[in-house]
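A.B. asks: for reference, the sequence and a predicted model appear below.
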Amino acid sequence: MERTYRDSIPAQVLNQGFEVNGQKVLFKSQPGIFKPAVLQDQAALSITTLPTSPYNDQEREDEWLYSYRSGSIDQHDNRLLRGAMQLQVPIIFFHWVSDNPRTYEAIWPCWIVEDRPQERCVRVQAGRHFVPELSGGEVDLDDEIERRYATREVKVRVHQRRFRKAVLRAYSEHCLICRLREPGLLDASHIVGDADAKGVPAVSNGMALCAIHHRAFDGMLLTIDPDYKVRVSARLLDDEDGPMLEHGIKDFHGKDAMYLPRRTSDRPDRDAPEERLSRFE
Ligand SMILES: [Zn+2]
């Protein structure tokens, strides 16, 4: 599936299910804890999170805490979580990426590495396949380090996908500076560095920029002021070159950004360009 949906998988496609040995398996119970009937093991096949999950799945840098379903610790879905841990079977972890249409990023394989009944959650990590029988059933330290590292990478990737989706949507897929509307040439750029790799990203710390304006922005060759006017660096303004420099960059100097999100709250935070501008000058 990931091969077909390089970016993220639409929920609609997940809901159509897949075929195992000629039998249709549905992902009907999304979101939540899921085991298809054809699976003999009493273990979850997949778990899913949403930003609005009532179960309040906590974010950690190098692992996830996935909350039990409400009700008894021994409730059916909660038993499936524990089953996946006891049998050491890999699970698919669907991470919410965007809504309208809803999409997920599928992380596989993931492992439930610890049950925490007191906190009503399990610890989940991403990682390579390892065969418990071969390692004597023990999860050794290297596996743990490897999984923490893999999980951290996955979390950053999921965050970036969410950020890109949210920013490009806010700009209806246009470059803020030149209005170019070609998703293949658009990036979601950060105004100030991306320190927060958790939760739902702030669109107001981002801008949709085409590749050339993104590079120019990151290289301090152009910027925007708090009134969203474009400023081109003195060095480029003094330079003379072909049409890309003249029309693609210099012509925008002093002009208004050509595309801003309709929602004011999605527009670049005015303090952020201000701070940048002082460095720019
Ligand atoms: Zn552009």
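C.D. replies: On my side now, so go ahead.

A.B. asks: which bits of the stretch 151-281 of the chain sit near the ion?
C.D. replies: Residues of the stretch 151-281 of the chain found near the ion (Cβ under 5 Å from the ion) are 175, 177-178, 180, 210, 213. All C-beta spots, glycine's among them, are computed from the backbone N, C-alpha and C.

A.B. asks: take these and keep only those in strands.
C.D. replies: C210 (DSSP state E).

A.B. asks: now the residues of the stretch 151-281 of the chain next to the ion in JSON lines, with neighbour count, pLDDT and distance to R164?
C.D. replies: What follows is those, written out as JSON lines (neighbours: other Cβ atoms under 10 Å; pLDDT from 0 to 100; distance: Cβ to Cβ, whole Å):
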{"residue": "C175", "neighbour count": "24", "pLDDT": "98", "distance to R164": "14"}
{"residue": "I177", "neighbour count": "27", "pLDDT": "98", "distance to R164": "18"}
{"residue": "C178", "neighbour count": "20", "pLDDT": "98", "distance to R164": "19"}
{"residue": "L180", "neighbour count": "20", "pLDDT": "98", "distance to R164": "16"}
{"residue": "C210", "neighbour count": "22", "pLDDT": "98", "distance to R164": "14"}
{"residue": "H213", "neighbour count": "26", "pLDDT": "98", "distance to R164": "16"}
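
A.B. asks: which one of the residues of the stretch 151-281 of the chain next to the ion is nearest to Y259?
C.D. replies: Distances from Y259 to these, taken as Cβ to Cβ, are shortest for C175 (6.7 Å).

A.B. asks: that closest one against L260, yeah?
C.D. replies: No. C175 is not in contact with L260 according to Cβ atoms under 8 Å; the separation is 11.3 Å.

A.B. asks: longest helix in the protein, by number of residues?
C.D. replies: In the chain, assigned by DSSP state H, the helix with the most residues is helix 141-170.

A.B. asks: buried set for that one?
C.D. replies: 143, 146-148, 150-152, 154-155, 158-159, 161-170 (16 or more other Cβ atoms under 10 Å).

A.B. asks: same question for stretch 83-92.
C.D. replies: 83-85, 88-92.

A.B. asks: now do stretch 221-237
C.D. replies: 221-225, 228, 230-233.

A.B. asks: out of those residues, list just those in strands.
C.D. replies: Short answer: the buried residues of stretch 221-237 in strands (DSSP E) are 222-224, 230-232.

A.B. asks: quick one: low-confidence ranges for the stretch 51-200 of the chain?
C.D. replies: Scanning the stretch 51-200 of the chain with the threshold set as pLDDT under 70 gives 51-59, 128-142, 194-200.

A.B. asks: got phi/psi on A208?
C.D. replies: phi -90, psi 120 (degrees, to the nearest 10).

A.B. asks: tell me who's in contact with it.
C.D. replies: 167-168, 170-171, 173-176, 186-189, 259 (Cβ atoms under 8 Å, 6 or more residues apart in numbering).

A.B. asks: which among those residues gets closest to the ion?
C.D. replies: Closest approach to the ion among the contacts of A208 (Cβ to the ion): C175, at 3.2 Å.

A.B. asks: excluding its backbone neighbours, what's nearest that closest one?
C.D. replies: C210 (4.0 Å; Cβ to Cβ, 6 or more residues apart in numbering).

A.B. asks: can you check E274 too?
C.D. replies: Nearest to E274 is P226, by Cβ to Cβ, 6+ apart, at 4.9 Å.

A.B. asks: ok, now which ones touch the residue nearest the centre of the chain?
C.D. replies: For the chain, the residue nearest the mean C-alpha position is V158 (2.5 Å; Cα atoms, centre = their mean). The contact partners of V158, by Cβ under 8 Å, 6+ apart, come to 95, 97, 105, 107.

A.B. asks: helix, strand or coil for the last one?
C.D. replies: Yep, that's I107 we're talking about. strand (DSSP: H, G, I helix; E, B strand; the rest coil).

A.B. asks: for it, name its beta-bridge partners.
C.D. replies: F93 (DSSP bridges).

A.B. asks: wait, isn't it in contact with W96?
C.D. replies: No. I107 lies out of contact with W96 (Cβ under 8 Å); the separation is 11.8 Å.

A.B. asks: who's more crowded, those two?
C.D. replies: Between I107 and W96, counting by other Cβ atoms under 10 Å, I107 is the more crowded of the two (24 against 21).

A.B. asks: nearest residue to L260 other than its sequence neighbours?
C.D. replies: Using Cβ to Cβ, 6+ apart, the nearest residue to L260 is R267, at 5.4 Å.
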